[in-house]
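# pasting the structure only:
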């Protein structure tokens, strides 16, 4: 439930109680009562409507509290399960300030914005089966969850302090973040690796293994608290898009696509949030220009004036509470004589909704990204669709760790990243398109959709719903 709900709900409940008490005193005429009732419920409707449009966005102190609560659950509950699953006895993460391992960045407390000097984190699965050892080879504790265990009076060298921890714990399998396929799991830089191996006693060198799967598991798996707050993140993203693609921002014949892009950036900044990529706004219309994927996302004209009859597309994402959204939606600018989206465009949109359904129906635990991709493309083509699927994990990173399910230029499968299997409690941006011929435009268009969802215990679900039809500018009710 969004954070904004409870407080506002209590306010509205109190107002209803006051209203009932006031009316019961019967101090107004019937006509005045009816006018007062109408005014009152208009006010209440506005409050509820506003509540649905934009959740409350917390201040930095409140955000920090939630971030640290999430981190505690991830360390105390999630990490021991993942280390057991991936059979890693000790996980060592080493970074220097401003050159952090992507995994380490997700483990820092809310008040740490970067590593300090050299930061070494050690997670050790105790041989007696008790709780996980969480150690920082640092001069001080890393937040409240990782105990600093570098005694300068005993070990003047940080590497020597780390080696003593390794020898005292005597792990069988020591995981380091080294990966050929996943950049996010390849965070141990060459210099740190060579120094570590120079200090490591000979008998432990053969115990070193890649922590690739553990690093991916840590990054991709969402804990209960994260699943509770993720709807708010996605709802904020949807709300900003709705604001941007409205008559309050877009004036046909005057507003350019770049104007909307920078409005999005300014709006995000005004809310105290961040974007994790620069938004894009593109146009498909009745003209000789054919769709080109590269042109849509990287080679667009710098300034296109939005006109009536245009089909607009947006790609937009925010970062909030260390989680990311990634959303693509479509809007149609009504012509003067129109009061609905042209039927051919509406059908094209339905085709992409259908492709979403086909794809997510193939989310099955243990299936690889490539297996999901190929099964979905085969079914879509049998149904007469012209599909393209390029879905990616999302979470603490926008293009996150986990199974890649196609790329727009690799519809035959993705070696390595596409061979990783699907696990529960992981999140994805369902990103894809279908191409459909529009006879009135004498061309083929693409409906490019992207919505965030979770693959959980009960299967797949969209975190904050999905767009199920093209939205008009102005909205139909505004005409």
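Perfect, thanks for sending it. Worth saying up front: this structure is predicted, and the values here are computed from it rather than measured. Numbering: from 1, shown residues only.
# which residues does stretch 338-356 contact?
Stretch 338-356 is touched from outside by 311, 330, 332, 376, 380, 383, 385, 387, 389, 430, 432-434, 436, 438-441, 445, 447-449, 451, 466, 468-470, 472, 476, 479, with contacts defined as Cβ atoms under 8 Å, 6 or more residues apart in numbering. (C-beta placed from N, C-alpha, C; glycine too.)
# list only those of these flagged as buried.
311, 330, 332, 376, 380, 385, 387, 389, 430, 432-434, 436, 438, 441, 445, 447-449, 451, 466, 470, 472 (16 or more other Cβ atoms under 10 Å).
# list the contacts for residue 407?
390, 414 are the contacts of residue 407 under Cβ under 8 Å, 6+ apart.
# what residues of stretch 121-141 count as buried?
Those would be 121, 122, 123, 124, 125, 132, 133, 134, 135, 136, 137, 138, for stretch 121-141 by 16+ other Cβ under 10 Å.
# hey, what's the closest residue to residue 207 other than its chain neighbours bridged with?
The shortest distance from residue 207 to any non-neighbouring residue, by Cβ to Cβ, 6 or more residues apart in numbering, is to residue 174 (5.1 Å). Judged by DSSP bridges, the bridge partners of residue 174 are residue 90, residue 208.
# how close does residue 174 get to residue 155?
Per Cβ to Cβ, to the nearest Å, residue 174 is found 19 Å from residue 155.
# more neighbours, these two?
residue 174 (22 against 16; other Cβ atoms under 10 Å).
# pretty sure residue 402 sits against residue 420.
Yes. With contact defined as Cβ atoms under 8 Å, residue 402 reaches residue 420; the gap is 6.5 Å.
# which residues do the two both contact?
Joint contacts of residue 402 and residue 420 (Cβ under 8 Å, 6+ apart) are residue 216.
# of those two, give the one with the bigger neighbour count.
Set residue 402 next to residue 420 and count neighbours by other Cβ under 10 Å: residue 402 wins out with 28 against 22.
# with adjacent residues omitted, what lies nearest to the more buried one?
residue 393 (3.2 Å).
# swap in residue 138?
residue 148 (4.8 Å).
# which residues does residue 253 contact?
By Cβ under 8 Å, 6+ apart, the neighbours of residue 253 are 305, 306, 307, 308.
# please tell me which one of those counts the most neighbours.
residue 306 (23 neighbours).
# do I have it right that it meets residue 255?
Yes. Counting by Cβ under 8 Å, residue 306 touches residue 255, with 5.1 Å between them.
# please parse this structure into its domains.
5-53, 60-219, 221-478 (automatic domain parsing).
# and the second one, how far apart are its ends?
Read it as domain 60-219. Length of domain 60-219, first residue to last, Cα to Cα, to the nearest Å: 23 Å.
# average model confidence for that domain?
Averaged across domain 60-219, pLDDT comes to 90.
# for the stretch 251-400 of the chain, which spans come out with low pLDDT?
291-302 (pLDDT under 70).
# can you give me the strands for it?
274-275, 280-284, 311-316, 318-320, 323-324, 327-333, 387-389, 392-393 (DSSP state E, counting those that start in this stretch).
# same deal with the stretch 51-200 of the chain?
Counting by DSSP E, counting those that start in this stretch, one finds strands in the stretch 51-200 of the chain at the ranges 90-96, 118-124, 133-136, 147-148, 174-176.
# residue 267: which of these is closest?
With Cβ to Cβ as the criterion, residue 267 lies closest to strand 90-96 of the strands of the stretch 51-200 of the chain, at 33.6 Å.
# off-centre distance for the closest one?
25 Å (Cα atoms, centre = their mean, to the nearest Å).
# what helices or strands is it leaning on?
The helices and strands touching strand 90-96, judged by 3 or more Cβ pairs under 8 Å, 6 or more residues apart in numbering; DSSP states H and E, are helix 102-105, strand 118-124, helix 158-169, strand 174-176, helix 190-199.
# list the contacts of the second one.
When you say that, I think you mean strand 118-124. With Cβ under 8 Å, 6+ apart, strand 118-124 has contacts from 79, 83, 89-97, 100, 104, 107, 132-138, 142, 146, 158, 162, 165, 169, 171, 192.
# quick one: the residue nearest to residue 138 and residue 142 touch, right?
Yes. Counting by Cβ under 8 Å, residue 148 does reach residue 142; the two are 7.0 Å apart.
# between the two, which contacts overlap?
With Cβ under 8 Å, 6+ apart, residue 148 and residue 142 have common neighbours residue 136.
# can you tell me the closest non-neighbouring residue to residue 440?
Excluding its sequence neighbours, the residue lying closest to residue 440 (Cβ to Cβ, 6+ apart) is residue 344, at 6.0 Å.
# report the separation between the one you found and residue 331.
From residue 344 over to residue 331 (counting by Cβ to Cβ), the distance is 16 Å.
# mind checking which of those two has more residues around it?
residue 331 (24 against 15).
# OK, contacts around the spatially closest residue to residue 403 that is not a sequence neighbour?
Leaving aside its sequence neighbours, residue 403 sits nearest to residue 369 (Cβ to Cβ, 6+ apart; 3.3 Å). Residue 369 sits next to 403, 404, 405, 406, 414, 417, 418, 419, 420, 422 when contact means Cβ under 8 Å, 6+ apart.
# ok, the third one - contacts?
Spelled out, it's residue 405. Residue 405 neighbours (Cβ under 8 Å, 6+ apart): 359, 369, 370, 372, 373, 389, 390, 391, 392, 418, 428.
# re earlier: any of the contacts of residue 369 buried? List them.
403, 404, 405, 406, 414, 417, 418, 420, 422.
# just checking, the residue nearest to residue 402 touches residue 427?
Yes. Counting by Cβ under 8 Å, residue 393 sits close enough to residue 427 to count as a contact (6.6 Å).
# anything in contact with each of these two?
220, 400.
# could I get the full set of helices for the protein?
In the chain, the helices defined using DSSP state H lie at 5-24, 30-53, 60-73, 79-86, 102-105, 158-169, 190-199, 202-205, 212-220, 224-244, 257-270, 293-297, 343-361, 369-382.
# out of the ones you listed, which gets nearest to residue 179?
Per Cβ to Cβ, nearest to residue 179 of the helices of the chain: helix 212-220, 4.1 Å.
# relative orientation of that closest one and helix 79-86 in degrees?
150 degrees (axes from the mean of the first three to the mean of the last three Cα atoms, to 10 degrees).
# tell me what angle helix 212-220 forms with strand 118-124.
Going by the same axes, to 10 degrees, helix 212-220 makes 100 degrees with strand 118-124.
# picking up where we left off before, any chance of a markdown table for the strands of the stretch 251-400 of the chain, columns distance to residue 205?
Converted to a markdown table, the strands of the stretch 251-400 of the chain look like this (distance: least, Cβ to Cβ, whole Å):
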| stretch | distance to residue 205 |
| --- | --- |
| strand 274-275 | 42 |
| strand 280-284 | 48 |
| strand 311-316 | 46 |
| strand 318-320 | 39 |
| strand 323-324 | 38 |
| strand 327-333 | 47 |
| strand 387-389 | 43 |
| strand 392-393 | 33 |
